[in-house]
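Peer 1: mind folding the following:
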Amino acid sequence: MIRSYLKIAFRNLIKRKGYSLLNVAGLAIGITCCLLIFQYVSYEKSYDKFNKEAGDIVRLRLDSYQQGKLQWKSATSYPGIGPALKKEYPEVLNYCRLIDAEMLLSNDARDIHFSEKKGYYADPSVFSMIGVQLQKGDTETALDAPDKIILSQTTAKKYFGNEEPVGKTLVQKGSTIPRIYQVTGVFKDYPLNSHLIIDYLVSYKSLGKFQRLNGDTSNSTETSFGWYDFYTYVKLKPGTDIKQFDAKLVAFCDEHMNNQEWSKKNNVRNELHSLPLGDIHLYSNYNQEAEVNGDGQTVSFLFLIGVLIIFIAWINYINLATARSVERAKEVGVRKVLGALRSDLIGQFLTESFVLNIMALVLAIIAAFLLTPAFNRFTGRDVVTGFHLPKEYWTGFLSLFFLGSFLAGIYPAFVLSGYKPVTVLKGIFKNSSSGILLRKTLIVAQFITSVVLVAGTMIVYQQLSYMRNQKLGTNISQTLVLEGPSAMTDSVFNGTFQPFKDDILHIHNVKNVTASTSVMGTEIYWTNGVKKLGSENKAVTLYNIGIDYDFIPSYEIQMAAGRNFSKEMATDKKAILLNEEAVKALGFDNAQAAVNQKVVRRDTFTIAGVVTNFHHLGLQKKVDPMIFLLRPNSRQYYSVKMGPENIRQTVASVETEWKKYFPEDPFNYFFLDDSYNHQYKSDQLFGSIFSIFALLAILIACFGLAGLSAYNILQRRKEIGIRKVMGASVKQLLVLLSKDFLRLVIISFFVAIPVTILLMNKWLEDFAYRIHISWWVFAVAGIISVCIAFATISFQAVKAAVANPVKSLRTE
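Peer 2: This next block holds a predicted model:
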């Protein structure tokens, strides 16, 4: 029987090539889109899942409240938290702390050195908790004492080539106290689908040793509840309820932080919250993240788009199959007269549905394999060289595929198999009103989805354009930023920077040079509590930037009141600048009222001036309250403001001067506008993916619309012939054949408006500075949808309108 079903199915598909081609093409495109999106989603959701212990490990987030208001949420916390939790809570089995260990490392034996940024001081538990796989060395001793370092395979090869690295040493340059590390292990390159990038790890006890050598007698790296730059991971007993554990952390915070004298004095309250290791990449976008994370909401949107696209393709099949009911009615009547049971006919039509879907699936899988390398490059995911879906995603997709194929085939099968042979063989059969209503409903559903995607795409690009074109309050164009030197000690550097700066200023095309501890687009980790002198108000957290005299004018930041730092004012060593947000946070009435007032920040400072607010970070985040300190010898960043001509030559000239003054430091630079706009990369990627799949969704919908209009015209060919004989023009016939479909598209447009507003307002919630959805977005989306639909329908309609009526009426 099945063999017979398949033979008839293939015969019918070959007989109706146009119908088959429309269905297979629409389904194949829909399934290909779905597979590519599922691959992207599966990769985004795979972060840190390679760690076998991930299910029991959480990272702690620190929330700080001042005067009852939330000031910040940080991915980092205090180093004393881990040991205290393990001691006091039986469900805490272990902890691991990581803190940035940026340094200039040198292999003096080979006279090579590199500026390293992707390394951490780490507890020995990093092997069992963070998934670092040691290939050479002993996990028990590799990080158990000061002055030990382990390297990734790639980093080890960079420093030692083909030599055996274990047992050799690396030197940290630029430290006043000699720091020599023994290489005690080599670990497998850390997976790229992790929220961390790890090139090397230094023993945590090394940090404690260096703190003691610098005069820290408080053992702060083990006990501090004030130094919040540490990523703290906690391993819980299997089965521990995270919500219940978080509830216990309230009492822990009160005992160790909130009830302390400093916290009470400044009305500061801390909260700790747990986030499972596998959720960090998609659901953690707080201060001091180790890397730029993804966006769980965006991934969910894309997953939904993938499902919607394949459903649009199945809707096409249902519409086209039921529209062909008149064409196949006589076939059903004859087969029933010859003894075919309804179950036999249902089996036949379901077989045809599955054959079409499986043909489309095979084509889609081939297309997915061919398109994956290009799609990965487009999304920045070069780690996957070929199409790959995890087993659980294949299971879910195939379940969706076969369920969808069955549901898409079952309705047409019941409709077609239910025809009464007497009616259809007498020639008085016509499509039922319920079938017509269903097809109209499905068309409306298709175009609702299409309009939502078109309008959504426009809103995404509006928001991106708004962020990129909004005035930042500062000028970041034509700015070459040099990463400061680290090989020199401070005493040597202080006598080197000014001559270097003077020589850079003599380069043609260089307009200004300024030094600072931070530049626009880089997160500020340096914070302090600040309060007005003599005020009963509590201290508020301000974000610190150390700058020289030229920073404000070089970046064209405007003064709201007061003045900039001046070399003529010896008292400026105890002066500060604030931004308008800081003035507000400290409780001053306005910018002018703050000038010449004193504030306490460890020491007493005078406010020399107030600058207007500017966007130090992208418009996804609000402007933070900032304090500017005079640090003429800042060595983190040098900003070189240039003219627009001869950029390459200018960069080469700057590099020559750099090598003369800082021969041991690599020349690392970036252009500030490119770096700043990098903050919008994930949103731009989302916009690009969104727009591509929106276009494909409309294309698939048009396939169905084209097929339906063709069958509608086929059924009305005699009516069209009569109307032409009676004098109807091509224009009148075009309106007649198009208006019903266009009416459905217009209905779809009005239904899509509230759906789009609801979904896109949800997406826009993540932006501190956002657009308001305009009415014209929907007008344009509606016009685009109507035009596309009309163009699709009119091709068939015009063809029918200009046809010779004799051909359709010759049998009458």
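Peer 1: please name the spatially closest residue to K641 (chain neighbours excluded).
Peer 2: N512 (4.2 Å; CB to CB, 6 or more residues apart in numbering). C-beta coordinates here come from the backbone N, C-alpha and C atoms, glycine included.
Peer 1: that neighbour: what's it in contact with?
Peer 2: L505, D550, P553, S554, S639, V640, K641 (CB atoms under 8 Å, 6 or more residues apart in numbering).
Peer 1: can you confirm it is in a helix?
Peer 2: No - remark: N512 does not belong to a helix; assigned using DSSP: H, G, I helix; E, B strand; the rest coil, it is strand.
Peer 1: looking at the contacts of N512, which is nearest K567?
Peer 2: D550 (10.2 Å; CB to CB).
Peer 1: follow-up on the earlier one: ok, the contacts of N512 vs I689, which is closest?
Peer 2: S639 (34.2 Å).
Peer 1: which regions of the stretch 151-300 of the chain lie under the pLDDT threshold?
Peer 2: Filtered on pLDDT under 70, the stretch 151-300 of the chain yields the residue ranges 176.
Peer 1: how about the contacts made by F369?
Peer 2: Each residue near F369 by CB under 8 Å, 6+ apart is listed here: G386, F387.
Peer 1: distance check, it against D683.
Peer 2: Distance, F369 to D683, by CB to CB, to the nearest Å: 29 Å.
Peer 1: what's the pLDDT at the residue nearest to K641?
Peer 2: Reading off the confidence values, N512 has pLDDT 91.
Peer 1: now do Y47
Peer 2: On the pLDDT scale, Y47 gets 92.
Peer 1: was I right to think it contacts H195?
Peer 2: Yes - between Y47 and H195 there is a contact at 6.0 Å, judged by CB atoms under 8 Å.
Peer 1: identify the contacts common to those two.
Peer 2: Shared contacts of Y47 and H195 (CB under 8 Å, 6+ apart): I280, H281.
Peer 1: how near is T76 to W227?
Peer 2: In this view, T76 and W227 are 9 Å apart by CB to CB.
Peer 1: sorry, wrong one. I was asking about N287.
Peer 2: 15 Å.
Peer 1: so for the two, which sits in the more crowded spot?
Peer 2: Neighbour tally, N287 and W227, criterion other CB atoms under 10 Å: the higher count belongs to N287, 21 against 16.
Peer 1: how about stretch 242-261: buried residues?
Peer 2: Going by neighbour count (16 or more other CB atoms under 10 Å), the buried part of stretch 242-261 is F245, D246, L249, F252, C253, H256, M257, N258.
Peer 1: actually stretch 294-306, sorry about that
Peer 2: Buried residues in stretch 294-306 (16+ other CB under 10 Å): G294, D295, G296, T298, V299, F301, L302, F303, I305, G306.
Peer 1: shaky segments in the stretch 501-650 of the chain?
Peer 2: Checking the stretch 501-650 of the chain against pLDDT under 70 turns up nothing.
Peer 1: which stretches of it form helices?
Peer 2: Taking DSSP state H, counting those that start in this stretch as the criterion, the stretch 501-650 of the chain contains helices spanning 551-554, 580-586, 591-594, 647-661.
Peer 1: ok, V24 touching L361?
Peer 2: No - with contact defined as CB under 8 Å, V24 does not reach L361; the gap is 10.1 Å.
Peer 1: output the buried residues of stretch 242-261 in a markdown table; the columns should cover secondary structure and distance to G131.
Peer 2: Converted to a markdown table, the buried residues of stretch 242-261 look like this (DSSP: H, G, I helix; E, B strand; the rest coil; distance: CB to CB, whole Å):
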| residue | secondary structure | distance to G131 |
| --- | --- | --- |
| F245 | helix | 22 |
| D246 | helix | 24 |
| L249 | helix | 25 |
| F252 | helix | 27 |
| C253 | helix | 29 |
| H256 | helix | 29 |
| M257 | helix | 30 |
| N258 | helix | 34 |
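Peer 1: between those, which is closest to D144?
Peer 2: Closest to D144, out of all of these and judged by CB to CB, is H256, at 26.7 Å.
Peer 1: list the residues that contact the closest one.
Peer 2: Counted by CB under 8 Å, 6+ apart, H256 has contacts G80, I81, A84, F225.
Peer 1: would you put the C-alpha positions of stretch 164-171 in PDB?
Peer 2: Provided in PDB are the C-alpha atoms of stretch 164-171 (Å, rounded to 0.1, in the frame of the first residue of the first chain):
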ATOM      1  CA  GLU A 164      59.300  22.600  26.600                       C
ATOM      2  CA  PRO A 165      57.700  25.500  28.600                       C
ATOM      3  CA  VAL A 166      57.200  23.800  31.900                       C
ATOM      4  CA  GLY A 167      59.900  24.800  34.300                       C
ATOM      5  CA  LYS A 168      61.000  27.900  32.500                       C
ATOM      6  CA  THR A 169      60.300  31.500  33.600                       C
ATOM      7  CA  LEU A 170      58.500  34.600  32.300                       C
ATOM      8  CA  VAL A 171      59.100  38.100  33.700                       C
END
